[in-house]
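Undergrad: following is a predicted model, sequence given first.
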Amino acid sequence: MEVDIALNKQASTIIDIALENAQNYLLDLNEHQTESCSNEMKNIEWTTCKDFTIELGQKQIEEYISTWECHRSWLHCIDFLQEKELEFSKQYHYRVRWSIPTRRKPIPRATACVYFIIEISKVKPLSFPVEVYYLVESNQLIHRPGQTSFREKWLKDIIQSKILLQESVNF
């Protein structure tokens, strides 16, 4: 009985934290989009469908990420995950894993991921650029380069949530 009460309390705490982080995320996104209406959204020139390769996709994601305004202490690595065949397109999925290792803790307690999807249309002419969009871990909002400005706070919120979750679970 006491175990159930403790588990319910921990679950409630985790849910409250997740809801608070989601609300803060949406408020920040809305606030940032309002602020950045006058600012130019950063983007790169994406390759055409006919010239696309998995390696080029990875290089272009790296190039696009370099336009983000993140503190230099953030490190990331890009992994190609899978190729997905759809009826009217082919999708290439990548994961960019972010962390802030330090001298004291070279292996970070938590990481945050941003998932990129590069889509090659089977219907549009091959001379058209690839379609690119990305999702931030634990969020379902789809971002498109040139239409949304990336926020470093998104990564911080994910890592903070993971660390709070780790601290609330006793092994």
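TA: Cool, the structure landed.
Undergrad: got the buried residues for stretch 152-166?
TA: 154-155, 157-159, 161-162 (16 or more other C-beta atoms under 10 Å). Glycine gets a C-beta too; all of them are placed from N, C-alpha and C.
Undergrad: distance of E167 from D157?
TA: To D157, E167 is 16 Å away according to C-beta to C-beta, to the nearest Å.
Undergrad: what does G57 give?
TA: On the measure of C-beta to C-beta, G57 and D157 end up 27 Å apart.
Undergrad: likewise A112?
TA: From A112 across to D157, the span is 8 Å (C-beta to C-beta).
Undergrad: overlap of the contact sets of these two?
TA: Common neighbours of A112 and D157, counting by C-beta atoms under 8 Å, 6 or more residues apart in numbering, are absent.
Undergrad: mind listing what Q140 touches?
TA: When the contact criterion is C-beta under 8 Å, 6+ apart, Q140 has no partners at all.
Undergrad: okay, it: pLDDT?
TA: For Q140, the pLDDT comes out at 92.
Undergrad: equivalent analysis for E20, please.
TA: Looking at E20, the pLDDT reads 78.
Undergrad: now the one 10 residues further on
TA: If you check N30, the pLDDT there is 70.
Undergrad: for the host helix or strand of it, packing partners?
TA: Taking DSSP states H and E as the criterion, N30 maps to helix 2-35. For helix 2-35, the elements it packs on are helix 152-168, judged by 3 or more C-beta pairs under 8 Å, 6 or more residues apart in numbering; DSSP states H and E.
Undergrad: so the helix it packs on versus helix 2-35, what angle?
TA: For helix 152-168 against helix 2-35, the angle by axes from the mean of the first three to the mean of the last three C-alpha atoms, to 10 degrees is 170 degrees.
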